[in-house]
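> Structure for this input, please:
(3 chains)
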Amino acid sequence: MTTTAESVAEQRRSDVHLSYLRPHKKFPNLWCPGCGNGIVMSSLVRAIDKLGLPRDEVALVSGIGCSSRMPVYLDFQALHTTHGRALAFATGVKFARPDLKVIVITGDGDALSIGGNHLIHACRRNIDITTILINNYIYGMTGGQVSPTTPSGAYATTTPFGNTEKHFEPCDLAKGAGATFVARTTVYHTPQMDRVLADAIAHHGFSFVEVLSNCHTYFGRLNRLGSATALLQMFKEKTTSVGKTEESANGKIPIGVLHRDLETTELCDEYQKIVDSLSKGKQG
Amino acid sequence: MSRPKRQLMMGNQACVQGALRAGLRFYAGYPITPSTEVTEGCARELPKTGGRFLQMEDEIGAISAVVGASVAGVKAMTATSGPGYSLMVENIGYAYMIEAPCVIVNVQRGGPSTGLPTKTSQSDTMQTRWGPHGDYTAIAVAPSTVADTVTETIRAFNLAERFRTPVTILLDEVIGHMQEMISLPEPGEYQVVDRVKPTCPPEEYEPYGSTDNFVNPMPAYGDGYRWYATGLTHDAMGFPTNRPDEIVVNLDKLRRKIEDFRDEICKVRADWMDDAEFALVSYGSVSRTALLATKLAREAGVKVGCLQLQTVWPFPLAQLRELLQDCTAVIVAELNMGQIVREVERVAPPQARVHSLLRYDGEILTPIQFLEKIEEVRS
Amino acid sequence: MSKGSLLRLQLSEDRYEMRLSGSGGQGMMLAATILAEAIGADPAKRVIQTKSYGPEARGGASKADIVVSSSEIYYPKALQLDLLLAMTQESLDKYYSDLKAGGTLILDESLVHNPPPDDFYGVPFTRLAREEAGNVMVANMIALGAIAAISGVVPTEALTEAVLARAPRGTEDTNKRAVEIGVREGEAVKARRLQGAPNMTQTPSAPEEAPIEVPGIVFPRCQFEH
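Residues are numbered from 1 along each chain as shown, chains lettered A, B, ... in the order given. Take a look at the predicted model:
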């Protein structure tokens, strides 16, 4: 196939993924070949497309790390912020402009280490933001340092003798802090990821999705887990659909929607009530 | 609702009133003495005007939310004091880099660290200029009365919007907590500047492209421009770049949009300077005492003049160079160990000796300290 | 002008400086705000109010200064007090030396047990608040009434108006009554002093403790009530 400008334009029109890519952005992306981030990005595009959200009303906010580079490739409002602070920036965007759909793309180091405080408080406020935490168990962008989700005993460049610390369970943390939608999926389970992301974005309140993803470049290599495909295979084998009994789950990681609370009120709605009552008082 | 024409008001409250008049729609803050009244005032007043207030989990969250709200399209502010400002600097740097208009109020207290929470200081003067890492040019205004605080807050917002940059209001504990009778300006008595929005079609919009004044039109979220902002050094489209030629354009823009327009920003109040042999230079609460000392010395026949920096940053180089040209001595008074004096030394004429009058015990300089210093300089 | 002569300069005579001092929680900041508002209601007067306080919201010595002038007030703080209100022994001990010779000293004689030998006006503000006004929290308002009566710095009508403007709904009568008690006691102690009577209305017995925290706050601490 010839790659004339016309054919590219035609391809862009016909392919849902291409139609959401920034027209001016130079490709390829900066992720390593085989990186799970691209899988998440395409799933996010399908979820947004499925929901039919007007693209001017979607704002992507990210922090620092490999996953946080995602908004530069997608044709939405995008704020690529500082390390750990994406949720605080996103809170400002959403609270100032509740009419927008705000989606935060973050990683395990960004959201759980330097940004842990902002994460728990965003959950607590139940502000209508969707957070997609791509958990690859390691700091990729800085070259393979230990993260809050690195399993005990695992190797990283800063745990050359194995990780002596315990890890966070991101979904438990989010649920405990008050998130009203919590789900886990993996880059292997893309049809499920499409559904979960669409549900999370449609949820009115704070929604949190942990996507288990592969960093074969650092986590895989340092822990001798093999290639990208080997890690994807691992996600397939070590997970099971949520709702299984403990016995049938057989120690596997549950994936799917783990928690959904439709009762708790949302922050912007509650504040709007105050604004409305004050403006009524003024008229009366 | 009829408001009494004159009312007793605290500097921190005046700041809130100025911000509301300038079009404040979003405030995020975190409690810290001696700035808390600004946060409390916004919590109470903003929802009444349809605006929004959030108490964030810390000062890092507060400045982040403010910048987020600003890029989403509304005028936003936060207030803090030294320790909180220290926490904010990273994301103030981010605001410089993505060119997000916002206002940061620093009601200064003694430091370093927790320092003197309830006492006054001007020791954040240099931090305001150089707080965040990297190269950029800062804007800071400094009121010295409660009435000034209203007008300088409005000016801070206008500068932030005009230049697409964070602007710091340098208050101190004395101005923030002092109460004076003031009349709040009515609409029409002050100018309000709003950010310029793009008019070109979205496909032609370059968020950081070249312009005559180095400032780009800024759309609100939802306007259809879908632009990308990053704290990374970026090209005209806002995309990350490592190209040396693009890096220089990016950084020069941040500097020149302010440096080339100093005249629009720098404001110096000059009293009794026409024939002054000695000049007192100060800002904020110190300027009040400087004015009194000047008046007393003048009544006694000593040719003293008084310069008050209403713009501290960028430092009013040209104005001071001209105003000080015939002086034989300059006394720079400040509540720190000598920060602004270095800037004055750079602009003082060759014949003038520059002296420091300093105080950093949490109290303000008294009239007698000024008069003693003038005597010392005269002899 | 000769060298050194600047040091003999005096601040304007047209400057009246007051300090309201006590322990945190006695409402000195609020009292100073109300007094400044009452004085500032006269468009011919300039007024400026500053405060000094410790980090704690309750307890510790607290002071609030008010400077009054008919011309611009540049230096905002008090330098030499024309009037000192001391609601506790600690505040008296701390600030008495700032009172200029011949300045007016007003004491809460229910809490100050060791007054200075010089002239002063003693009124049992705290006792009157509890026993006559029915609420210990209005001792500060009684003190304002006494300041108005003794110093003449503000007309009592303007003071009452300023107090009522700040009083939360339902507390107007208590606060108005407190000002009246203060004015009455202030006038009485002034009259006695003119007749050369002893300073104190009675010899204080065991000193009371300053009210640190009392439930049922009569005045809100916030400043934004419209």
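
> Residue 102: neighbouring residues, count only.
Since no chain was named, I'll use chain A. 30 (other CB atoms under 10 Å in any protein chain shown). Where you see a C-beta, it was placed from the backbone N, CA and C, and this is true even at glycine.

> Not quite, go with chain C.
For residue C:102, using other CB under 10 Å, the count is 8.

> quick check, it in a strand?
Yes - assessed by DSSP: H, G, I helix; E, B strand; the rest coil, residue C:102 belongs to a strand.

> How much space separates it from residue A:58?
For residue C:102, the distance to residue A:58 (CB to CB, to the nearest Å) stands at 74 Å.

> again, but for residue C:105
Distance from residue C:105 to residue A:58, by CB to CB: 69 Å.

> cool, and residue B:348?
Computed as CB to CB, the residue B:348 to residue A:58 distance reads 55 Å.

> Tell me where the model's unsure across the chain.
With no chain named, the answer covers chain A. A:1-3, A:8-9, A:11-13, A:282-284 (pLDDT under 70).

> that's the wrong chain, I meant chain C
C:1-4, C:10-13, C:54-59, C:197-226.

> can you map out the strands along it?
Along chain C, counting by DSSP state E, strands occupy C:16-23, C:46-52, C:61-69, C:81-86, C:99-108, C:121-123.

> And for the stretch 51-200 of chain B?
Taking DSSP state E, counting those that start in this stretch as the criterion, the stretch 51-200 of chain B carries its strands at B:52-55, B:76-80, B:102-110, B:116-120, B:139-141, B:166-172, B:179-183.

> Out of the ones you listed, indicate the one that is most buried.
Between those, strand B:76-80 has the highest mean count of neighbours, a mean of 31, where neighbours are mean count of other CB atoms under 10 Å in any protein chain shown.

> That one and chain C, are they touching?
No - using CB under 8 Å from any CB of the partner chain, strand B:76-80 stays clear of chain C, coming no nearer than 15.0 Å.

> tell me what that strand is packed against?
Other elements packing on strand B:76-80 under the criterion 3 or more CB pairs under 8 Å, 6 or more residues apart in numbering or on different chains; DSSP states H and E are helix B:11-22, strand B:26-29, helix B:36-45, helix B:59-72, strand B:102-110.

> buried ones in the helix or strand encompassing residue A:60?
For residue A:60, the host element (DSSP states H and E) is strand A:58-62. Within strand A:58-62, the residues that count as buried by 16 or more other CB atoms under 10 Å in any protein chain shown are A:58-62.

> can I get those in CSV with distance to chain C?
Formatted as CSV, the buried residues of strand A:58-62 follow (distance: CB to the nearest CB, whole Å):
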residue, distance to chain C
A:58, 38
A:59, 33
A:60, 38
A:61, 33
A:62, 38
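
> just those now: which is nearest residue C:194?
Closest approach between those and residue C:194, by CB to CB: residue A:61, at 73.9 Å.

> quick one: contacts for the closest one?
Going by CB atoms under 8 Å, 6 or more residues apart in numbering or on different chains, residue A:61 touches A:71, A:78-79, A:81, A:86-87, A:89-90, A:93, A:102-105, B:68.

> Ok, which of the helices and strands packed on strand B:76-80 comes nearest chain C?
Comparing the helices and strands packed on strand B:76-80 by their distance to chain C (CB to the nearest CB), the top pick is helix B:36-45, with 4.9 Å.

> Select the longest helix from chain C.
In chain C, taking DSSP state H as the definition, the longest helix is helix C:172-194.

> Name the residues of it that are buried.
Under 16+ other CB under 10 Å, the buried positions of helix C:172-194 are C:174-187, C:189, C:192-193.

> near chain A, which residues of chain C show up?
Counting by CB under 8 Å from any CB, no residue of chain C sits close to chain A.

> the strands in the stretch 251-379 of chain B, which residues?
Along the stretch 251-379 of chain B, counting by DSSP E, counting those that start in this stretch, strands occupy B:268-271, B:278-282, B:304-309, B:311-313, B:329-334, B:353-358.

> which other helices and strands contact the third one?
In this structure, strand B:304-309 packs against strand B:268-271, strand B:278-282, helix B:285-299, helix B:317-323, with contacts taken as 3+ CB pairs under 8 Å, 6+ apart.

> strand partners of the second one, parallel vs antiparallel please.
Listed by DSSP bridges, the sheet partners of strand B:278-282 and their directions read strand B:304-309 (parallel), strand B:329-334 (parallel).

> what's the most buried one of those strands?
Mean neighbour counts for the strands paired with strand B:278-282 (mean count of other CB under 10 Å) peak at strand B:304-309, with a mean of 27.

> Out of the helices and strands packed on strand B:304-309, the one nearest residue C:16 is which?
Across those, closest to residue C:16 is helix B:285-299 (CB to CB), at 16.0 Å.

> what's residue C:154 in contact with, if anything?
C:35, C:38-39, C:147-148.

> which parts of the stretch 1-150 of chain B sit against chain C?
Going by CB under 8 Å from any CB, the residues of the stretch 1-150 of chain B near chain C are B:1, B:3, B:6-8, B:10, B:13, B:33, B:37, B:40-41, B:44-45, B:117-118.

> are any of those buried, and which?
Buried among the residues of the stretch 1-150 of chain B next to chain C (16+ other CB under 10 Å): B:7-8, B:10, B:13, B:33, B:37, B:40-41, B:44-45, B:117-118.

> ok, which pair from these is furthest apart?
B:7 and B:117 (27.5 Å).

> Distance check, the closest residue to residue B:171 other than its chain neighbours against residue B:260.
Among residues not flanking residue B:171 along the chain, residue B:107 sits closest, at 4.5 Å (CB to CB, 6 or more residues apart in numbering or on different chains). Separation of residue B:107 from residue B:260 (CB to CB): 31 Å.

> Repeat that for residue B:307.
Taking CB to CB, one finds residue B:307 at 24 Å from residue B:260.

> and the closest residue to residue B:12 other than its chain neighbours, what is it in contact with?
Computed as CB to CB, 6+ apart, the closest residue to residue B:12 that is not its neighbour in sequence is residue B:37, at 3.6 Å. Neighbouring residues of residue B:37 by CB under 8 Å, 6+ apart: B:10, B:12-13, B:16, B:176-177, C:223.

> what do you get for residue B:67?
A:81, A:89, A:92, B:76, B:91, B:94-95, B:98, B:100, B:102.
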